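Asks: show me how the following folds:
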Amino acid sequence: MRLVPIEKVQPGSTLARSIYSSGGQLILRNGVELKPHYLQYLKDLGVKRIYLQDKELEGEEEVKEVEDVITETTKMEARTALNNVFKFAGSQNVPQKALIDDKLRKVTTEIIEELLSQKEVVVQLSEIKTEDNYLISHSVSITALSVILLKKMNYPHSKIKRMATGFLLLDLGAAKLPEHLLAKEEDQLSDNEKKIVHEHPRYGYDMLKKTDLFTEEAGRIIYQHHERIGGQGYPQGLKQDEISIPARIAAVTDVYDTLISPRPGKTPFQPYQAINYMLKHEQEKLDPEIMQALFTFVAAYPVGTHVRLSNGDSGIVIGNTPGYTFNPKVKVLYQGENLENHPDPYEINLAQNLDFVVEEVIDDRA
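Replies: Okay, here's the model as predicted:
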């Protein structure tokens with residue numbers, strides 16, 4: 001299985017992973033032959049990269065390595081429940097009690113149980129995201145990353161359960177904002193628009209508080225997730241320990257998933273680009289210890305990525321080791337600048353061979 005930019009996919013290629021809309025609807029199923037109009041449809045949806053079958057990379061280990069940390073069934077249930085929540089939240093005439101139902105409670109529990117049952121995980125970029133309903137897929141991703149972080153920080157199950165709703169409904173208040181404001185970056189907003197946008201954590205907190213799923217922990221996550229440790233955030237301009245640890249976790253996972261997610265008018269970062277960006281630009285805003293903890297289990301080079309190594313050989317990432325973000329396992333297939341077939345293909349685990357490093361992602365060259 002190979003991760004390929006949509007612009008480089010040839011008609012007739014075979015899709016290796018099913019593609020779903022952010023709302024959970026199946027778009028194309030694994031195994032389908034990609035016809036030209038399928039590829040154009042994916043481009044129109046904002047899909048940037050897809051997984052293709054590759055006979056040179058077939059094998060049980062590869063399939064195991066790219067399993068999602070949350071099952072597709074649970075993700076679909078979460079998307080459906082969140083779609084209802086956000087739809088109700090944006091209405092002025094729907095009773096607050098309609099915001100949260102048993103489906104959301106059930107899916108929150110399922111997400112926690114699935115994540116906590118796994119000993120160690122490496123989060124791959126295995127879910128191909130579309131631009132539609134960005135807030136929904138973003139909410140599910142934030143929840144997964146945040147629960148894994150809480151687990152790594154040895155939070156007990158009971159506390160994680162009390163917090164999880166806050167992660168899943170992190171942007172509940174954004175549903176009350178005009179869509180044209182949601183599409184803008186912070187530096188594109190006028191002063192008046194900033195005042196409106198900066199109220200959305202408060203809106204979300206107030207809405208959650210009127211439901212029976214409210215906990216103080218979840219409420220603080222929603223209210224404080226845009227605060228920054230240097231005091232640059234909103235709505236209160238809190239600093240350091242004035243911000244709860246779960247809210248600091250939410251801030252980190254929110255920024256990371258925003259960077260790697262397709263949005264209208266924005267080209268998503270690849271994971272290694274997002275990690276490097278955060279280390280360079282977010283150290284004074286986000287909790288550095290939480291960032292480092294996140295980067296121990298997200299793959300900088302997901303399975304299927306074509307990389308060049310420091311010895312001049314190149315190949316496809318087939319696995320990742322927890323704790324070694326930038327040191328994937330690679331099946332070397334090519335050599336030299338012209339990507340000639342390697343006379344003696346081999347596998348190398350950079351987590352065990354630290355003399356070798358990834359020098360570039362082949363598909364990202366100019």
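
Asks: isn't residue 3 up against residue 299?
Replies: No: counting by C-beta atoms under 8 Å, residue 3 stays clear of residue 299, with 11.0 Å between them. From N, CA and C alone the C-beta is placed, and that goes for glycine too.

Asks: not counting its neighbours along the chain, what's nearest residue 17?
Replies: residue 51 (4.2 Å; C-beta to C-beta, 6 or more residues apart in numbering).

Asks: what about the helices in the stretch 151-300 of the chain?
Replies: 157-168, 179-182, 191-197, 200-209, 216-224, 245-260, 271-281, 288-294 (DSSP state H, counting those that start in this stretch).

Asks: one step back: what number of residues lie near the residue nearest to residue 17?
Replies: Counted with other C-beta atoms under 10 Å, the neighbours of residue 51 add up to 23.

Asks: in which helix or strand does it reside?
Replies: Using DSSP states H and E, residue 51 falls within strand 49-52.

Asks: chain center to that strand, what's the gap?
Replies: 16 Å (C-alpha atoms, centre = their mean, to the nearest Å).

Asks: in stretch 352-365, what counts as buried?
Replies: 356, 358, 361, 363 (16 or more other C-beta atoms under 10 Å).

Asks: closest one to residue 29 out of those, please.
Replies: residue 363 (24.3 Å; C-beta to C-beta).

Asks: run a quick check on the closest one versus residue 308, I expect a contact.
Replies: No: Residue 363 lies out of contact with residue 308 (C-beta under 8 Å); the separation is 10.6 Å.

Asks: how close does residue 13 get to residue 55?
Replies: Residue 13 sits 12 Å away from residue 55, going by C-beta to C-beta, to the nearest Å.

Asks: go on, residue 26?
Replies: The value you get for residue 26 to residue 55, if C-beta to C-beta is used, is 25 Å.

Asks: who's more crowded, the two?
Replies: Using other C-beta under 10 Å, the more surrounded residue of residue 26 and residue 55 is residue 26, with 11 against 6.

Asks: and that one, what's its pLDDT?
Replies: Note for residue 26: predicted pLDDT of 77.

Asks: beta partners of it?
Replies: Note on residue 26: beta-bridge partners by DSSP bridges are residue 20.

Asks: look up how far residue 268 lies from it.
Replies: Distance, residue 26 to residue 268, by C-beta to C-beta: 22 Å.

Asks: and residue 20, by the same measure?
Replies: When residue 20 is compared with residue 268 (using C-beta to C-beta), they lie 17 Å apart.

Asks: what does residue 220 give?
Replies: On the measure of C-beta to C-beta, residue 220 and residue 268 end up 29 Å apart.

Asks: could you do residue 359 as well?
Replies: Taking C-beta to C-beta, one finds residue 359 at 22 Å from residue 268.

Asks: again with residue 346
Replies: Residue 346 sits 32 Å away from residue 268, going by C-beta to C-beta.

Asks: what strands flank the helix or strand containing residue 346, and is each parallel or antiparallel?
Replies: Per DSSP H and E, residue 346 falls inside strand 340-349. The pairing partners recorded for strand 340-349 under DSSP bridges are strand 329-335 (antiparallel).

Asks: give the rounded mean pLDDT of the partner strand.
Replies: Strand 329-335 carries an average pLDDT of 94.

Asks: and for stretch 239-252?
Replies: The average of the pLDDT scores along stretch 239-252 is 96.

Asks: may I see the buried residues of it?
Replies: Within stretch 239-252, judged by 16+ other C-beta under 10 Å, the buried ones are 243-252.

Asks: okay, now the domains of this protein?
Replies: Annotated domains of the chain cover 2-65, 72-294, 306-364 [automatic domain parsing].

Asks: so where is the stretch 251-366 of the chain shaky, pLDDT-wise?
Replies: Counting by pLDDT under 70, the stretch 251-366 of the chain contains low-confidence residues at 364-366.

Asks: then the stretch 1-150 of the chain?
Replies: Scanning the stretch 1-150 of the chain for pLDDT under 70 picks out the ranges 22-24, 56-68, 89-101, 125-133.

Asks: now do the strands in it.
Replies: Ranges of strands within the stretch 1-150 of the chain are 2-5, 19-20, 26-28, 49-52, based on DSSP state E, counting those that start in this stretch.

Asks: okay if I get these as JSON lines plus distance to residue 336?
Replies: Output for the strands of the stretch 1-150 of the chain, formatted as JSON lines (distance: least, C-beta to C-beta, whole Å):
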{"stretch": "strand 2-5", "distance to residue 336": "19"}
{"stretch": "strand 19-20", "distance to residue 336": "34"}
{"stretch": "strand 26-28", "distance to residue 336": "35"}
{"stretch": "strand 49-52", "distance to residue 336": "23"}
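
Asks: so for residue 282, which of those strands sits nearest?
Replies: Nearest of those to residue 282, taken as C-beta to C-beta: strand 49-52 at 24.0 Å.

Asks: give me the helices and strands touching that closest one, please.
Replies: If you count contacts as 3 or more C-beta pairs under 8 Å, 6 or more residues apart in numbering; DSSP states H and E, strand 49-52 packs onto strand 2-5.

Asks: OK, contacts around the residue most central in space within the chain?
Replies: Taking C-alpha atoms, centre = their mean, the centroid of the chain lies closest to residue 257, which sits 4.1 Å from it. By C-beta atoms under 8 Å, 6 or more residues apart in numbering, the residues touching residue 257 are 138, 141-142, 145.
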